[in-house]
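**Student:** 3D model of this:
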Amino acid sequence: MKHVAFDGRLVILGFGSIGQGVLPLILRHIDLPAERITIVTAEERGREVAAEYGIRFILQAATRENFSDLLSPLLSSGDFLLNLSVDVSSVELMKLCNRLDVLYLDTVVEPWAGGYTDTSLTPSQRSNYAMREEAVALRPAFAGGPTSITAHGANPGLVSHFVKQALLDIARDTGAPVATPPPASDRAAWAGIAAKLGVKVIHIAERDTQVADRPKKPGEFVNTWSVDGFVGEGCQPAELGWGSHEKELPPDGHRHGFGCDAAIYLMRPGASTRVRTWTPLEGPMHGFLITHNESISLADYYTLRDADGTVVYRPTAHYAYHPCDDAVLSVHELAGKNWEMQPEKRLMTDEITHGMDELGVLLMGHAKGAYWYGSRLTIGEARRAAPHNNATSLQVTAAVLAGVIWAMENPRRGVVESDEIDHARVLEICAPYLGDVVGEYADWTPLEGRGVLFPEAVDTTDPWQFRNFRVV
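**Tutor:** Numbering: from 1, shown residues only. Okay, the predicted model is just below:
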């Protein structure tokens, strides 16, 4: 199915696993000739894939000094910049696209090279919270201009649409159905639904079980998606949206002191912070509390305030990620080297033999306890559905495709976050590429089995306090 026809040109900046995986989906579902697509990338990797589809391939890194001169000749009014790069400032690219009247989408708000670990900045200043604040601050100047979608991959991105569908499911199953779902632009209405249902906590609960035919070697970082991306965000401070039901900040928790105040950060890297979570197939597990844009945007979007601006409702929201087993070993080794990257890195692709990515949202605190809604995609299903993808990448590339299509269908929306996009439209486009999309209730809480072998300082009066989730 061709979802949309696009008359402009498309420039794909960065051509790693996500760029290579989304290209065949774009050609499959968007009426756009290959000769109007250009790839600009800093790495030789991917040239053969570009040649396979007859796509122009420019091997040149975009830097602080040259990005405007490099990209401006390739773009004019009505074109599209799909930013899938690392180490290139998303905010500066958004400004360039607004000046050129060009549509834009990225999967993460990215800083210039070194921004994630710049020790001249405070942990707050190098947080995803700060980067998001810089991006959404562009809203007034961009109003009515070309659509710039920020942070729309699998997570952030797809998971925001999972949350809306999960809320509608819970409302239906608890006898409070929503007759007509409000538009995504009506933040207060959606926050009202979550508050009425009593949702206290939202986890992005993910378990990746993909296995390769060769194990990780010492000195090698192995992952099923961008190694540089994972290490970069894993070395940032752990961040989470901070709910109105929480009784006290963690001992190492801090507020930022600026912006929307919907989130906090911990004085430790996300890749060394673990939390208890649950998925239907894995059951209870420990996940890394890796900082992600959706942790902040979800908490902000689902905030209710009274007339004087006081917060009356907000859920706690954060990522709870159990990567593939080789990636867990890689993180363990990385931490042991004081967060210095291993000399070798490997992206698992053709060598994967089996496994799946179970990616969803876990909504907790409502009348039915906990509800997980999301995608269970095996490596076999991913390979049958689209070339140049594994199970993890396809969940991202399908959401990138959906975001690109939505922007083309809604070209004058200015700055847009994932939570502000029509969830039904995105899920419709993504559906063929997500494997089994399921919802499952559970009576699990983070207090399950606690205090048996050793005494623990838990809050038994409210299982949904962050102190009960955190692994110490």
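
**Student:** what's the least confident helix or strand in the chain by mean pLDDT in contact with?
**Tutor:** Lowest mean confidence among the helices and strands of the chain (mean pLDDT, DSSP states H and E): helix 227-234, at a mean of 92. Helix 227-234 is contacted by residues 86-87, 108, 116-117, 128, 221, 223, 269-271, 288, 290-292, 323, 327, 331, 334, 341, 345-347 when judged by Cβ atoms under 8 Å, 6 or more residues apart in numbering. Every residue, glycine included, has its C-beta placed from N, CA and C.

**Student:** contact partners for residue 432?
**Tutor:** By Cβ under 8 Å, 6+ apart, the contact list for residue 432 reads 385, 398.

**Student:** in three-state terms, label it for me.
**Tutor:** Here residue 432 is recorded as helix under DSSP: H, G, I helix; E, B strand; the rest coil.

**Student:** would you check how far apart it and residue 385 are?
**Tutor:** 7 Å (Cβ to Cβ, to the nearest Å).

**Student:** buried ones among the contacts of helix 227-234?
**Tutor:** 86-87, 108, 116, 128, 221, 223, 269-271, 288, 290-292, 323, 327, 331, 334, 345-347 (16 or more other Cβ atoms under 10 Å).

**Student:** now intersect those residues with the helices, please.
**Tutor:** Within these, residues falling in helices by DSSP state H are 128, 327, 331, 334.

**Student:** list the contacts for the nearest residue to residue 142 once chain neighbours are set aside?
**Tutor:** In space, and not counting its chain neighbours, residue 142 is closest to residue 414: 4.0 Å by Cβ to Cβ, 6 or more residues apart in numbering. Residues counted as contacts of residue 414 (Cβ under 8 Å, 6+ apart) are 139, 142-148.

**Student:** rerun at 6 Å
**Tutor:** 142-143, 145 (Cβ atoms under 6 Å, 6 or more residues apart in numbering).

**Student:** break down the stretch 201-350 of the chain into its strands, ranges please.
**Tutor:** 201-208, 211-212, 220-223, 237-241, 253-255, 263-269, 274-279, 283-288, 304-305, 311-313, 316-322, 344-347 (DSSP state E, counting those that start in this stretch).

**Student:** tell me the helices and strands packed up against the second one.
**Tutor:** With contacts defined as 3 or more Cβ pairs under 6 Å, 6 or more residues apart in numbering; DSSP states H and E, strand 211-212 has these neighbours: strand 352-354.

**Student:** switch the cut-off to 10 Å
**Tutor:** When contacts are defined as 3 or more Cβ pairs under 10 Å, 6 or more residues apart in numbering; DSSP states H and E, strand 211-212 packs onto helix 325-336, strand 352-354.

**Student:** pull out the buried residues from the helix or strand following the last one.
**Tutor:** Once strand 352-354 ends, the next helix or strand along the chain (criterion: DSSP states H and E) is strand 356-366. If you call a residue buried by 16+ other Cβ under 10 Å, then strand 356-366 has these buried ones: 356-366.

**Student:** ok, stretch 304-317 next?
**Tutor:** Buried residues in stretch 304-317, counting neighbours by 16+ other Cβ under 10 Å, are found at 304, 313-317.

**Student:** and if you look at stretch 86-98?
**Tutor:** Using 16+ other Cβ under 10 Å as the test for burial, stretch 86-98 gives 86-98.

**Student:** put together CSV for these, with secondary structure on each row.
**Tutor:** Formatted as CSV, the buried residues of stretch 86-98 follow (three-state DSSP):
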residue, secondary structure
86, coil
87, coil
88, coil
89, coil
90, helix
91, helix
92, helix
93, helix
94, helix
95, helix
96, helix
97, helix
98, helix
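
**Student:** closest one of those residues to residue 211?
**Tutor:** Among those, residue 86 lies closest to residue 211 (Cβ to Cβ), at 25.9 Å.

**Student:** who's in contact with that closest one?
**Tutor:** Taking Cβ atoms under 10 Å, 6 or more residues apart in numbering, we find residue 86 in contact with 14, 16, 42, 108, 110-111, 113, 116, 226, 228-229, 232.

**Student:** kindly report the same for residue 100.
**Tutor:** 68, 71-72, 74-79, 81, 146.

**Student:** mind checking which of those are in strands?
**Tutor:** Those of these mapping onto strands are residue 81, per DSSP state E.

**Student:** which among the contacts of residue 100 gets closest to residue 442?
**Tutor:** Nearest to residue 442, judged by Cβ to Cβ, of the contacts of residue 100 is residue 81 at 41.6 Å.

**Student:** would you mark the buried spots in stretch 367-382?
**Tutor:** Buried-residue list, stretch 367-382, by 16+ other Cβ under 10 Å: 368, 370-379, 381-382.
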